[in-house]
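Chemist: have a look at this fold, sequence not included:
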């Protein structure tokens, strides 16, 4: 398909040397995008603009928003919706999947030994002060050993494309990653607004994310619990991702609770219900460590659950993600993740970092 056959807006589009997800390096379309380009060409630019306006109205009416507390004039904003989707081919997705899995495996191994032998610190793979001086380093809970050693249960890996088309990691979010609800809602909106664009195309589904997440969290329940009760604990309605908290609880089919809905008795966590106390064994928490347990961290916190850290210590409840994962959110530690992969896995990173220089080293390219 030649670029001259594209509709006006796409014909005149110039990526200015950057990699274009839709048009490819020669602006003729990639193999997995050409069918979509042809359909865009048939729809026409004005119809695309009208559908985009209709989609924004629908997002507003459904309350699909995120909060921007730094902007006094607009606290809630609707989800940005791009009518031209980012299409990732199967081969690219397979590479991304393998790369993210390798990265998260290394981060989990790093966290496990940071609260143990600390070999990676002793051998200088990561500067010790970068970890031990991190405000998210929690030696008070370091002896908590999550089921099967997994501390990062849900990971958010931010990716970008380089001008050469390679995927690069921009950031790791291992504490309370957010944003997946907007991915799912964006797909649902795309299916409603552009059903003719997606019809009969082999697009992988995302609608089962909630079910898959629930199944994954149940796997981290304490041993011998046959029917795990999972709950989602947010940090309150003013959190910028509160829409997502409601969305995920609904999609998983689990209660959305507040700290006051949970109580620790007999070293176990219970949920207050109209039928009495019901045991909880997995808490998918979207609340920062400092506010999680006033007995262990900030005593003035009204959002958390008094005693939940001790329940974790006794192995009666699992927190996802674990309390100490904030160390991996550090922007300075990000530069060392490729080295952690080599150290713990004896493998090369599949997804490289964005070019990052470690200024404390003479030749500090990460």
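Modeler: Happy to help now that I have it. None of the values given here were measured: they were computed from a predicted structure.
Chemist: could you find the closest non-adjacent residue to residue 339?
Modeler: Spatial nearest neighbour of residue 339, excluding adjacent residues (Cβ to Cβ, 6 or more residues apart in numbering): residue 125 at 5.3 Å. (C-beta placed from N, C-alpha, C; glycine too.)
Chemist: can you tell me what sits against stretch 322-334?
Modeler: 107, 110-111, 114-115, 126, 130-131, 134-138, 141-142, 144, 146, 151-153, 169, 171-175, 288-289, 292, 309, 312, 353, 356 (Cβ atoms under 8 Å, 6 or more residues apart in numbering).
Chemist: tally up the residues packed near residue 167, please.
Modeler: 19 (other Cβ atoms under 10 Å).
Chemist: helix, strand or coil for the residue nearest to it when sequence neighbours are not counted?
Modeler: In this structure, residue 167 finds its nearest non-sequential neighbour in residue 159, 5.2 Å apart by Cβ to Cβ, 6+ apart. In terms of secondary structure, residue 159 is strand; the call rests on DSSP: H, G, I helix; E, B strand; the rest coil.
Chemist: now the helices for the stretch 1-150 of the chain?
Modeler: With DSSP state H, counting those that start in this stretch as the criterion, the stretch 1-150 of the chain has helices at 8-11, 34-43, 45-62, 90-114, 119-122, 128-132.
Chemist: check contacts around the nearest residue to residue 126 once chain neighbours are set aside.
Modeler: Taking Cβ to Cβ, 6+ apart, and ignoring the residues beside it in sequence, residue 126 has residue 336 as its nearest neighbour in space, at 4.8 Å. Contacts here follow Cβ under 8 Å, 6+ apart; on that basis residue 336 touches 125, 126, 130, 358, 366.
Chemist: same question for residue 189.
Modeler: Contacts were defined as Cβ under 8 Å, 6+ apart; by that measure residue 189 touches 55, 58, 59, 81.
Chemist: quick one: low-confidence ranges for the chain?
Modeler: 1-11, 65-77, 142-143, 364-366 (pLDDT under 70).
Chemist: how's it carved up into domains?
Modeler: Under automatic domain parsing, the residue ranges defining each domain of the chain are 3-78, 90-178+204-340.
Chemist: redo those domains as a markdown table? Include distance to residue 184.
Modeler: As requested, the domains of the chain are exported to a markdown table (distance: least, Cβ to Cβ, whole Å):
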| stretch | distance to residue 184 |
| --- | --- |
| domain 3-78 | 10 |
| domain 90-178+204-340 | 5 |
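Chemist: can you map out the strands along this structure?
Modeler: 65-67, 76-78, 156-161, 167-173, 230-234, 262-265, 268-273, 276-280, 282-286, 318-320, 352-353 (DSSP state E).
Chemist: can I get those strands in a markdown table including distance to residue 220?
Modeler: Supplementary listing: the strands of the chain in a markdown table, determined by distance: least, Cβ to Cβ, whole Å:
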| stretch | distance to residue 220 |
| --- | --- |
| strand 65-67 | 28 |
| strand 76-78 | 33 |
| strand 156-161 | 18 |
| strand 167-173 | 19 |
| strand 230-234 | 9 |
| strand 262-265 | 18 |
| strand 268-273 | 14 |
| strand 276-280 | 13 |
| strand 282-286 | 6 |
| strand 318-320 | 5 |
| strand 352-353 | 28 |
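Chemist: out of those, the one nearest residue 48 is which?
Modeler: Closest to residue 48 of these, according to Cβ to Cβ: strand 76-78, at 18.4 Å.
Chemist: please name the nearest non-neighbouring residue to the residue nearest to the spatial centre of the chain.
Modeler: Centrality entry for the chain: nearest residue to the mean C-alpha point is residue 156, 2.9 Å, by Cα atoms, centre = their mean. Leaving aside its sequence neighbours, residue 156 sits nearest to residue 177 (Cβ to Cβ, 6+ apart; 2.7 Å).
Chemist: which ones are touching the one you found?
Modeler: Residues counted as contacts of residue 177 (Cβ under 8 Å, 6+ apart) are 154, 155, 156.
Chemist: from the domains of the chain, which stretch is densest packed?
Modeler: Of all those, domain 90-178+204-340 has the most neighbours on average by mean count of other Cβ atoms under 10 Å, namely a mean of 18.
Chemist: quick check: the residue lying closest to residue 292 once chain neighbours are set aside vs residue 181, distance?
Modeler: Here the nearest residue to residue 292 in space, its sequence neighbours aside, is residue 304; by Cβ to Cβ, 6+ apart that works out to 4.5 Å. Here the distance between residue 304 and residue 181 works out to 23 Å (Cβ to Cβ, to the nearest Å).
Chemist: residue 80 now?
Modeler: Shown here: residue 80 relative to residue 181, a distance of 14 Å by Cβ to Cβ.
Chemist: likewise for residue 187?
Modeler: Separation of residue 187 from residue 181 (Cβ to Cβ): 11 Å.
Chemist: what's the answer for residue 341, then?
Modeler: Remark: distance between residue 341 and residue 181 (Cβ to Cβ) = 29 Å.
Chemist: do the same with residue 91
Modeler: Counting by Cβ to Cβ - residue 91 and residue 181 are separated by 27 Å.
Chemist: what's the answer for residue 215, then?
Modeler: Between residue 215 and residue 181 the distance is 18 Å, computed by Cβ to Cβ.
Chemist: many thanks, have a good one.
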